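> Provided below are the primary sequence and the corresponding predicted coordinates.
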Amino acid sequence: MSKLQLGTLGILVTESSGSLPFNEGQLCRRLCLLGHKQEIQVFVFCPEWFKPGEQSIKGYSYGEQGWRKGIFPLPDVLYDRYFSRNTKQHQSKVMCLTQLKEAHEFMYLTRGLAGKWIVHQALLQNKELTPYLPETLLFEGKNQLGDWLTIHQGEAFLKPQCGTHGKRTLYIKAIGHKDQLFIRGRSGANTVFTRYLNTSAGYSWIERFTQHKNYLLQPYLHLTNMQEEPFDIRVLMQKEQTGTWNLTGAAARIGRKNSLTSNLHGGGKAHKARSYLIHEFGKVKATEIMDTITQLSTIIPSTLEENFGRLAELGIDYGVDKQGKVWVLEVNSKPGRSAFFQIGEADSARKSVENLIDYTHYLLTHRMFRRINS
C-alpha cells in the first residue's frame, strides 16, 4: 500500500460463477475508481477467500487495466454487500468477519439491520413515526389469521421477516361468506401466482407455504396507481463527506398489475418520484406527500442508529394510498441504486456511489486524527 493512501476499503460480496467470481460488479467497479481518486485502496473479496491467521487477503480491484486479481492488506473499513442465500452462507460470512476482526481491527462502513420485526419495533419507539407505520404482528398461524380477517375487512398481507425483492409475499382475501379464500402471492423465484381455496384448505396451504420461516402479518394497504398497478417511493439516505445524513435521491417504483409489490427485481419500472406523484395526485397533494416523505426520511436514520449503531446508507420504501396517506413500508441497510440509473437521475446516481467513498474518507481521516491526538 502506498504511503499516500489513507487506508483500505474492503467490499464483502457473495461469490458467484458468472463472468466475475463475485456479485455486484458494477457497483464495485465504480467504488474502486472513485477510491483511487481519494487515495483509498478499494478491493473486493468473498468470505471464502480469507484464510485465518494471515495478514493479507485475496481479492480483486479495478483500475486502468480492468479487473485484476491480487493480494491486499486487510481492510481498514469494511463495506458489507454480502447477501446470504442460505444458513451455510450466513455462517460462513459471520465466521469470516469474526476472524478478520481478530486479525486486524477494522471499522464497518455501515452495519446491517436486524429482521423487519425488530426494525419495526425500533421505529415504533419514535412517536413521530408511529402514525406512518402499518399495524404489524408476528404471524402465529391460522387462528390468528382468521381473527385478523374478521377485524380487517377480510384482507391480510403476509411477508417474510427476512425476505427481499418481494419474494414469498402473500395477499389473502376472504370471499363469499368467508368460506373461501383468494390468495395472490410471489414465489421464491418472484413469479406471481393465485389460488382459490375453501377456508380450511386455504389455511392449510398458507401454513405449508410459510412453515419454517418467520412472517409478519399486516393490513393489506391499497397502494396502487390509477391503473391499479402497485407503486412505492424508494428514498436513498446516505452519509457524505461531513458524516451527516442527506437525501441522495427518490424514485417511484411501479410494479406490474396484480403483482403485489413494486420491486424492480419483480419486473417493475422506475420513474422520477415528484413528477410521478404529480401525475397521480396533482401538484398540491404531491408536494404535501413529498414533504412528508422528506421529513420522515430525516427522522428514521437517527432513530435506527440509536438502536443498531452507526449506519452509512438506508433505502426507505414508502407506500402512498389512494387518499395520499404515506406509509413507511420497509427500511433496508443494503439498498440497491438501480432505480436512479434507470430514471436518468444522473446526479443522484453519481452521488449514490460517491457518497460511500466520501464517507469512507471521513471515517479514515477521523481515525487518523484520533490516533494523532491520543
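Yep, that arrived. Residues are numbered from 1 along each chain as shown.
> which residues in the stretch 151-300 of the chain form helices?
199-210, 273-281, 283-308 (DSSP state H, counting those that start in this stretch).
> so which elements touch the last one?
In other words, helix 283-308. With contacts defined as 3 or more CB pairs under 8 Å, 6 or more residues apart in numbering; DSSP states H and E, helix 283-308 has these neighbours: helix 116-124, strand 231-239, strand 245-254, helix 273-281, strand 313-320, strand 326-332. Yep, even glycine has a C-beta here, placed from its N, CA and C like the rest.
> which parts of the host helix or strand of residue 100 are buried?
Element membership of residue 100 [criterion: DSSP states H and E] is helix 87-103. Buried residues in helix 87-103, defined by neighbour count with 16 or more other CB atoms under 10 Å: 89, 92-93, 96-97, 99-100, 103.
> point out where this protein drops to low pLDDT.
Low-confidence regions of the chain, defined by pLDDT under 70, span residues 1-4, 177-178, 263-267, 368-374.
> residue 283: neighbouring residues, count only.
Residue 283 has 11 neighbouring residues, counting by other CB atoms under 10 Å.
> with residue 249 instead?
Counted with other CB under 10 Å, residue 249 comes out at 22.
> who does it form a beta bridge with?
Listed by DSSP bridges, the beta-bridge partners for residue 249 are residue 236.
> which ones are touching it?
For residue 249, the set of contacting residues under the criterion of CB atoms under 8 Å, 6 or more residues apart in numbering consists of 235-236, 340, 345, 347-349, 351-352.
> now the buried members of those.
By neighbour count, with 16+ other CB under 10 Å, the contacts of residue 249 hold 235-236, 340, 345, 348-349, 351-352 as buried.
> among those, which are in strands?
With strands taken from DSSP state E, the overlap with the buried ones among the contacts of residue 249 comprises 235-236.
> turn the buried ones among the contacts of residue 249 into JSON lines, columns for distance to residue 319.
Putting those into JSON lines (distance: CB to CB, whole Å) gives the following:
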{"residue": "235", "distance to residue 319": "12"}
{"residue": "236", "distance to residue 319": "17"}
{"residue": "340", "distance to residue 319": "20"}
{"residue": "345", "distance to residue 319": "21"}
{"residue": "348", "distance to residue 319": "21"}
{"residue": "349", "distance to residue 319": "24"}
{"residue": "351", "distance to residue 319": "25"}
{"residue": "352", "distance to residue 319": "22"}
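> out of the buried ones among the contacts of residue 249, who's nearest residue 157?
When the buried ones among the contacts of residue 249 are compared for distance to residue 157 (CB to CB), residue 235 comes out closest, at 21.4 Å.
> send me stretch 160-170 as PDB with only the CA atoms.
C-alpha atoms of stretch 160-170 as PDB (Å, rounded to 0.1, in the frame of the first residue of the first chain):
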ATOM      1  CA  PRO A 160     -41.300 -12.900   5.400                       C
ATOM      2  CA  GLN A 161     -39.400 -11.200   8.200                       C
ATOM      3  CA  CYS A 162     -36.100 -11.600   6.300                       C
ATOM      4  CA  GLY A 163     -37.300 -11.600   2.700                       C
ATOM      5  CA  THR A 164     -36.100  -9.400  -0.100                       C
ATOM      6  CA  HIS A 165     -37.400  -8.200  -3.500                       C
ATOM      7  CA  GLY A 166     -41.000  -9.000  -2.600                       C
ATOM      8  CA  LYS A 167     -40.400 -12.800  -2.800                       C
ATOM      9  CA  ARG A 168     -42.800 -15.100  -0.900                       C
ATOM     10  CA  THR A 169     -45.200 -12.400   0.000                       C
ATOM     11  CA  LEU A 170     -49.000 -13.200   0.200                       C
END
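> list the contacts of the one residue sitting closest to the centre of the chain.
Nearest to the mean C-alpha position of the chain, counting by CA atoms, centre = their mean, stands residue 332 at 2.9 Å. Residues in contact with residue 332, defined by CB under 8 Å, 6+ apart, are 113, 314-317.
> with residue 230 instead?
Contacts of residue 230 were listed using CB under 8 Å, 6+ apart, and they are 223-224, 254-255, 259-262.
> how about it, nearest residue that isn't a chain neighbour?
Residue nearest to residue 230 in three dimensions, not counting chain neighbours: residue 255, with 4.3 Å by CB to CB, 6 or more residues apart in numbering.
> does the one you found touch residue 270 like I think?
No. In this structure residue 255 lies outside contact range of residue 270 using CB atoms under 8 Å: 10.7 Å.
> overlap in contacts of the two?
Contact with both residue 255 and residue 270 is made by no residue, according to CB under 8 Å, 6+ apart.
> quick one on the thing from earlier: and of the contacts of residue 249, the nearest to residue 123?
Within the contacts of residue 249, the smallest distance to residue 123 is 14.6 Å, found for residue 235 (CB to CB).
> shouldn't the closest one be in contact with residue 253?
No. At 11.0 Å, residue 235 and residue 253 do not qualify as touching, with contact defined as CB under 8 Å.
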